[in-house]
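1. Okay, here's the prediction I keep looking at, along with the sequence it came from:
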Amino acid sequence: MRQCHRLISLLISSSLSSFSSSPFSYSPATHLCTSDTDSYTGWAESKEEAEEEFYSAADWGYLDALRAGSSSLCTRSPKEENSKSSIICTPHLQACKANNIMIDFRGLASRVRRENLRYSTDIFWPGQLVVSGCDLNTSYLMDHATASFPLQSWGPELRHLVESKEGMQCDETIDTPTLMVKLDATSNMYHHFCDFFNIFMSLKLNGSVLPEPAGRQVLILDNHPYHSSFRPAWKSVTDRPLLDLNSVAGKRICFTDLLLPLLPRMVYGLYYGTPLIPGCHSSSMFSAFSTWFSSALGLPSPNPQSPLRLTLLSRTTKYRQILNEQEIVEALSDKGYQVTVAKFTPLVPFQEQLETIRNTDILVGIHGAGLTHLLFLPDWAHVLELYNCEDPGCYKDLARLRGVGYSTWTAEELLTQVPGDQTDPNARGPAHKKFSNYVFDVEETLRIVEEAGDKVLVDKKKIYQKKTNNDEL
């Protein structure tokens, strides 16, 4: 089956017009599906069909489809000189690669000072994106520039694209390969890492070399300067200062090599809101992202021989606190777990947070963005979403995609919900599960942690034996 996936990928990349002329490399497929066909009733009729569905929707097959469906918006003749424009886009303009394109930022000179351009769909006006020396397919452009939400597609920007017969007038030319990005909520790890995962997929789709020898420039389509405790994550993409609309306002800039990456809120996108077939897990693409990111930030390799290490995410927010946290920590320590209580606030350097996660076997926390750290856990690790607050799919699916274990609290009668703010005069009825704090039964907590620990020990042994055998070879 995996050889079949690889063969399909090679056939697609060799027989269809591709997003990039560079070879498209894959890591080996690792996904697994249960033999119990009841798990994916309505999705597939066999284990083999389920594996194909998972590969297409949540693994490298997702990029295969984008690559196969990509079309040229503006094609130059092979005989034309390299200074002529070209643009290739995936369906619905979800990602595009442009060569020699001019963007006129002069109209933003005053707007960046008086308007909020974040998530704006009218940053540009007709004629402010210009190509030259190629045939612009305007009918295809209009047919695919239909998404109106800024984080779904590049339609709001590219609908203003025009072809100039007189060439392009530039105040400045950027020859460095450039990513122009539209970002989700940069204060929330779950949403912001949807940005980084989609950038990773786009670089793979483009056949980009990582790292880029000439460096890579990032231009954020926002006039708010970038402020985020996750800033170190950009080391995985660029070593250059991040640009924003304030950096380019008032200029006509020509980009020799411009990549408009996949966006975080795409319809049927991957990571956020992915329709994921039940009964399958472990996307090799997510594993590759974890490896790529960890390597770029110089994170340590996890050690499968160490004793069981448990990290408890301790929330300092108003809601979803574990009110008997200290009692639980003491009980876990008495059982022999090496417990770290992690308060991952913006005051804790992000690099330090990631180093803690790389040395974690069991990650425990209530539903919240901090569980996104599961992307960088060791391969044998387990996530215990202590309570999912009636949002069951979010981190369960992310754990499935990453290929780590997952479990959550099921004994509602052993859980006490305490409203987070009982003095709110506007409160009506019982508090939503996400806007409460909780007391967890200690014995039940120990039981489900022990189940997770047993699974980790088995997986650790398998991985360590595999590593030892490979070293001997």
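-> All right, it came through fine.
2. The spatially closest residue to Trp43 that is not a sequence neighbour is in what secondary structure piece?
-> Take Trp43 and drop its neighbours on the chain: the residue closest to it by Cβ to Cβ, 6 or more residues apart in numbering is Ile277, 4.6 Å away. Yep, even glycine has a C-beta here, placed from its N, CA and C like the rest. Ile277 is part of no helix or strand, with elements assigned from DSSP states H and E.
3. you'd agree Leu310 is up against Ile362?
-> Yes: in this structure Leu310 lies within contact range of Ile362 using Cβ atoms under 8 Å: 4.5 Å.
4. what do those two both touch?
-> Residues touching both Leu310 and Ile362 by Cβ atoms under 8 Å, 6 or more residues apart in numbering: 337, 449.
5. follow-up on the earlier one: test my guess that the residue nearest to Trp43 contacts Glu51.
-> No: contact criterion Cβ under 8 Å: Ile277 and Glu51 do not qualify, at 9.3 Å.
6. shared neighbours, these two?
-> By Cβ under 8 Å, 6+ apart, Ile277 and Glu51 have these common neighbours: Cys33.
7. Please enumerate the strands of the stretch 151-300 of the chain.
-> Assigned by DSSP state E, counting those that start in this stretch, the strands in the stretch 151-300 of the chain fall at 161-164, 172-174, 178-181, 217-220, 243-244, 252-260, 280-281.
8. centre of the chain versus stretch 219-234, how much separation?
-> Offset of stretch 219-234 from its chain centre (Cα atoms, centre = their mean, to the nearest Å): 16 Å.
9. how much space between Leu242 and Leu179?
-> Distance, Leu242 to Leu179, using Cβ to Cβ, to the nearest Å: 10 Å.
10. Next: Thr75.
-> Thr75 is 23 Å from Leu179, by Cβ to Cβ.
11. swap in Leu260?
-> Leu260 is 8 Å from Leu179, where distance means Cβ to Cβ.
12. give me every residue that touches Thr311.
-> Counting by Cβ under 8 Å, 6+ apart, Thr311 makes contact with 339-340, 342, 356-357, 360, 362-364.
13. how about these in JSON lines, adding neighbour count, pLDDT and secondary structure?
-> Formatted as JSON lines, those follow (neighbours: other Cβ atoms under 10 Å; pLDDT from 0 to 100; DSSP: H, G, I helix; E, B strand; the rest coil):
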{"residue": "Val339", "neighbour count": "19", "pLDDT": "97", "secondary structure": "strand"}
{"residue": "Thr340", "neighbour count": "16", "pLDDT": "97", "secondary structure": "strand"}
{"residue": "Ala342", "neighbour count": "20", "pLDDT": "97", "secondary structure": "strand"}
{"residue": "Thr356", "neighbour count": "16", "pLDDT": "97", "secondary structure": "helix"}
{"residue": "Ile357", "neighbour count": "25", "pLDDT": "97", "secondary structure": "helix"}
{"residue": "Thr360", "neighbour count": "26", "pLDDT": "97", "secondary structure": "coil"}
{"residue": "Ile362", "neighbour count": "25", "pLDDT": "98", "secondary structure": "strand"}
{"residue": "Leu363", "neighbour count": "29", "pLDDT": "98", "secondary structure": "strand"}
{"residue": "Val364", "neighbour count": "26", "pLDDT": "98", "secondary structure": "strand"}
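14. Mind picking the two most distant members of these?
-> Greatest spatial distance in those: Val339 and Ile357, 14.5 Å, computed using Cβ to Cβ.
15. re earlier: got the contact list for the residue nearest to Trp43?
-> Contacts of Ile277 (Cβ under 8 Å, 6+ apart): 33, 40, 43-44, 50, 53-54, 57-58.
16. same thing but 10 Å
-> Contact analysis of Ile277 by Cβ atoms under 10 Å, 6 or more residues apart in numbering lists 33, 39-40, 42-44, 49-54, 56-58, 400.
17. now Gly393
-> Neighbours of Gly393 in contact, by Cβ under 10 Å, 6+ apart: 273-274, 276, 400.
18. Could you point out which of those residues is nearest to Phe149?
-> Comparing the contacts of Gly393 against Phe149 with Cβ to Cβ places Gly273 closest, at 12.7 Å.
19. if I look at the closest one, how far off is Phe105?
-> 32 Å.
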